[in-house]
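> make a model of this:
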Amino acid sequence: MSPRHDKLLIAAAGLLLAGSAAYAFLGLRSDPAQGPKIASQGVTPSGADYPLLTKDDTLPLRASWTRPEDNEDGWTYDLFDQVPSVWDEQLKEYLPRDYTPPVIPDFGVRLAKLGHPRYPVMLRGTIAPPPGKPDTDRILFLNLDTNEDYNARIGKPLPEVGITPVSFRVVAATAPDGAPVKRSILVVRDAKLGRDLEIDDQAPLLFKDKLDIVLQSDAGSASWTFAGPGAKFEHNGASYVVKGVDLAAGTVTVDKTFTLNPRKGSRTLTEVLSVAAPSPKEKSAPSPSAASPATAPLPLPPPQR
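Next up is the predicted model:
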C-alpha cells in the first residue's frame, strides 16, 4: 500500500474509534435500565426551595463582618492596586498612608548623671592654733552631699562623716591659669571603705576606676544607678538595657523593648541619652559640690579656745 493509503486507513480507524466511544457514552446515559451509578442520585430532593438573597438583604450581614486579620493594620489589597505607603521614622517601618498608627509612648527615662563617683568629703583648709597653744590646729572639711562644714584634729575620728584625719602637708602647685599656689593635702582613713584616701582643697576626689550611670524616670518617681553597659531594668511594662557609654561625649545608649500589639510581637527603640542642660535658675544657684577657687580666701570659723 502506498503511504497515502496508509494515512487514509489511520484516519478512518480513528473516526471509527471516536464514534464507538461516543455511542457507548450516550447510550449508557440514555438507557434507563442502567440505573444511577451512585445511590444518592436516586433520592428525590425534598423541602421548599431556598430563597435567593438580593443585594439589599446582604447589607446587614456585611456590616457585621470583621476585617481580615492580615488587613487590620490598613494593608487592604485588591487585584490591581497597591496600598500607598509612607515611611514612619519613629517605628522605622513602612505604614499605609491612610492608616493611623498607634501612639508610641515616650521613651520614659532620662540620663540624670554620668561620671566617675566622687568622694563626699573635701578638704577646706586649716585653723592655726592660738598663741601659746601649740598642737591645737584644726582641719576644716566640707561634706559635698550636705554642704555642711566640719572640723577635726589629726588622729581624732570624725564620726559625722566616718573619717579620721591621719596626716597633713602643704605642697607647691600650679593653678589652671598658671599661677603658683599652695596645695593642701590630707590623708584620711575612711571607716566605711576600710582604707586611706588622699584628699585636697583643689577639687573633689574622683574614683577614676569606677563609673556612675544614673537614669531617672521622666516623672521623677524612680531612679536607677549602674556601673556600666549591660545593666537591665523594668519600668512601666517596658524592658531597658544600657547598651553603651561614651564618657567623653557624656552620652549613654539605651534600648527600650515594649509591646503595643501582642499579635505583632515586641518592638525595640534605641536612644542616645545625655544629661539635660540646667535651667538659668539652676545655673545661678551655687553648687554644693563646687570647689572653692585656689586663690580665694576660705571662710573660717573663729578659733576655739
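
> going forward, measure contacts between C-alpha atoms and count neighbours the same way
Fine.

> centroid-nearest residue for this protein?
Lys256 (2.1 Å; C-alpha atoms, centre = their mean).

> kindly state the beta-bridge partners for it.
In this structure, Lys256 bridges to Tyr240, Leu269 when assessed by DSSP bridges.

> how close does it get to Ala277?
Using C-alpha to C-alpha, to the nearest Å, Lys256 is found at 23 Å from Ala277.

> ok but Leu16 is inside a strand, no?
No. Judged by DSSP: H, G, I helix; E, B strand; the rest coil, Leu16 forms no part of a strand; its state is helix.

> residue contacts, it?
By C-alpha atoms under 8 Å, 6 or more residues apart in numbering, Leu16 lies in contact with nothing.

> now do it against Lys7, distance only.
From Leu16 over to Lys7 the distance is 14 Å, taken as C-alpha to C-alpha.

> for the helix or strand containing Ile185, packing partners?
Here Ile185 sits within strand 180-190, counting by DSSP states H and E. The criterion is 3 or more C-alpha pairs under 8 Å, 6 or more residues apart in numbering; DSSP states H and E, and the helices and strands that strand 180-190 contacts are strand 121-127, strand 163-174, strand 195-200.

> CA atoms only: put the longest one into PDB for me.
To tie it back to what came earlier, the one meant is strand 163-174. The C-alpha trace of strand 163-174 is given here as PDB (Å, rounded to 0.1, in the frame of the first residue of the first chain):
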ATOM      1  CA  ILE A 163      36.700  59.500 108.700                       C
ATOM      2  CA  THR A 164      39.800  60.000 110.800                       C
ATOM      3  CA  PRO A 165      42.500  62.600 109.700                       C
ATOM      4  CA  VAL A 166      45.900  60.800 109.500                       C
ATOM      5  CA  SER A 167      48.400  63.300 108.200                       C
ATOM      6  CA  PHE A 168      48.500  66.800 106.700                       C
ATOM      7  CA  ARG A 169      51.000  68.500 104.400                       C
ATOM      8  CA  VAL A 170      51.300  71.500 102.000                       C
ATOM      9  CA  VAL A 171      53.000  71.300  98.600                       C
ATOM     10  CA  ALA A 172      53.600  73.800  95.800                       C
ATOM     11  CA  ALA A 173      51.200  73.500  92.800                       C
ATOM     12  CA  THR A 174      50.100  75.400  89.800                       C
END
